[in-house]
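Enquirer: Output the structure for:
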Amino acid sequence: MNEKILNLIDEYKDTEQCLTLGLQQLPQNQNARAKLEVLRMVIMDLEESIK
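Expert: Okay, here's the model as predicted:
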């Protein structure tokens, strides 16, 4: 089960990088900024769950 969670974390981190790069091009996009914050919280929660 931890392997699946680790894979999910990796996918979410890739998505985080994509959103971050997108925000560099469109810094005023509040929707993407909010999704990025939610994504970061999900990543932190998943990382905590496997400790």
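Enquirer: Give me the phi and psi angles of Asn29.
Expert: Main-chain dihedrals, Asn29, degrees, to the nearest 10: phi -70, psi 100.
Enquirer: From the chain's centroid, how far away is the longest helix along the chain?
Expert: Of all the segments assigned as helix in the chain under DSSP state H, the longest by residue count is helix 2-25. Centroid separation between helix 2-25 and its chain, computed with Cα atoms, centre = their mean, to the nearest Å, is 5 Å.
Enquirer: so where is the chain shaky, pLDDT-wise?
Expert: By pLDDT under 70, the chain contains no weakly predicted segment.
Enquirer: same for the longest helix of the chain, what does it pack against?
Expert: Secondary-structure packing of helix 2-25 (3 or more Cβ pairs under 8 Å, 6 or more residues apart in numbering; DSSP states H and E): helix 30-49. Where you see a C-beta, it was placed from the backbone N, CA and C, and this is true even at glycine.
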